[in-house]
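[1] Sequence and predicted model, in that order:
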Amino acid sequence: MLHAETSGSGPRLVLAHGFTQTARSWGRFAGLVGAGRELVRVDLPGHGGSSEVHADLVRAGELLAQAASSGDVPFDLLGYSLGARVALHAALAAPPGLRRLVLIGGTAGIDEPGRREERRRRDEALAVELEADLDGFLTRWVASPMFAGLRDPGLDERRRNTKEGLASSLRLASTGCQSPLWGRLGELQAPLLALAGANDARFAVAAARLAREAPAGAFSLVPGAGHAAHLAQPELCARIVRRFLDDAR
């Protein structure tokens with residue numbers, strides 16, 4: 001079972017965070033997108049209150065779906081980066097009650113086996129690095145180009161994670177470990193919104209492809225934002241997401 005923090009009332013919106021973050025890492029975006037909603041913020045396997053839960057992406061998707069659908073209440077699902085990949089796995093399992101799916105900085109995996117294996121080896125090297133010096137790893141991680149321009153990359157909250165939990169996430173649920181899901185996007189039963197920062201070229205391409213290959217897909221770029229578009233432009237991101245979710249009411 002995954003740890004989750006719930007607040008508010010109304011239609012249920014479930015949030016799944018990125019690598020090294022926690023359920024509390026959503027900043028102003030959470031309050032903006034969650035206004036008038038029951039907001040369920042989940043700690044993914046290896047993170048926060050779920051640090052001792054070790055799971056690959058398939059199992060993580062199952063656990064996320066269980067956390068989202070508790071009480072048999074209809075829900076919308078939003079995932080960012082690692083959370084987007086877990087949310088996609090959850091959605092492909094067609095959990096009852098799923099209305100709409102939002103992916104921010106997401107991908108359905110690396111198609112080419114050689115590139116995927118190269119990424120898996122890089123992720124293993126990162127796992128070894130963080131096991132040796134977690135605080136140094138986190139400091140370097142938030143200083144990477146992915147988070148350029150963010151006023152607060154949330155380093156203090158990321159420090160709540162354990163090296164054992166984060167290492168397990170890299171070894172079990174990284175992009176290098178992910179079997180590509182591009183060929184399964186036609187199975188999605190819920191409408192999909194794929195978002196990416198306009199300055200995040202690689203994930204902008206992935207978002208466009210996700211929307212194009214889903215049966216009911218929409219695509220939006222967020223100007224003035226990199227990989228963490230919802231943190232860089234919380235107001236704009238929240239407006240885009242709320243408009244998409246409100247269409248389902």
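    Thanks, I have the structure now.
[2] What helices and strands are in contact with the longest helix seen in the chain?
    For the chain, the helix that runs over the most residues, judged by DSSP state H, is helix 113-132. Applying 3 or more Cβ pairs under 8 Å, 6 or more residues apart in numbering; DSSP states H and E, we find helix 113-132 packed against helix 134-142, helix 163-173. From N, CA and C alone the C-beta is placed, and that goes for glycine too.
[3] relative to helix 134-142, how tilted is that helix?
    If you take axes from the mean of the first three to the mean of the last three Cα atoms, to 10 degrees, helix 113-132 sits at 140 degrees to helix 134-142.
[4] so which of the helices and strands packed on helix 113-132 comes closest to residue 153?
    Set against residue 153 and scored by Cβ to Cβ, the helices and strands packed on helix 113-132 come closest in helix 134-142, at 3.8 Å.
[5] can you list contacts of that closest one?
    The contact list for helix 134-142 (Cβ atoms under 8 Å, 6 or more residues apart in numbering) reads 20, 126, 129-130, 153-155, 158-159, 161-163, 166.
[6] Top of those by number of neighbours, please.
    Among those, the one with the most neighbours (other Cβ atoms under 10 Å) is residue 20, at 28 neighbours.
[7] Now that one: which helix or strand?
    In the assignment (DSSP states H and E), residue 20 maps to no helix and no strand.
[8] Look up the closest residue to it, ignoring the ones flanking it.
    Excluding the flanking residues, the one nearest residue 20 by Cβ to Cβ, 6 or more residues apart in numbering is residue 158, at 4.6 Å.
[9] what's near enough to touch that neighbour?
    Per Cβ under 8 Å, 6+ apart, neighbours of residue 158: 20-22, 25, 138, 141-142.
[10] where along the chain do the strands fall?
    Counting by DSSP state E, the chain has strands at residues 4-7, 12-16, 38-42, 75-80, 98-104, 192-197, 217-222.
[11] so which of those comes closest to residue 122?
    Closest approach to residue 122 among these (Cβ to Cβ): strand 75-80, 20.7 Å.
[12] rewinding a little: and which of the contacts of residue 158 is nearest residue 66?
    Minimum distance to residue 66 across these is 18.8 Å, recorded for residue 22 (Cβ to Cβ).
[13] how many neighbours does the closest one have?
    By other Cβ under 10 Å, the residues close to residue 22 number 25.
[14] Got the confidence number for it?
    According to the prediction, residue 22 has pLDDT 98.
[15] Am I right that it is in contact with residue 159?
    No: with contact defined as Cβ atoms under 8 Å, residue 22 does not count as touching residue 159 (9.9 Å).
[16] Now the terminal residues of stretch 18-34, how far apart.
    18 Å (Cα to Cα, to the nearest Å).
[17] ok, now stretch 107-118?
    17 Å.
[18] circling back: which of the contacts of helix 134-142 lies closest to residue 116?
    Relative to residue 116, the closest of these is residue 126; by Cβ to Cβ it sits at 15.5 Å.
[19] For the closest one, give me its contacts.
    Applying Cβ under 8 Å, 6+ apart to residue 126 gives the contacts 137, 170.
[20] Having no further points to raise, I will conclude here.
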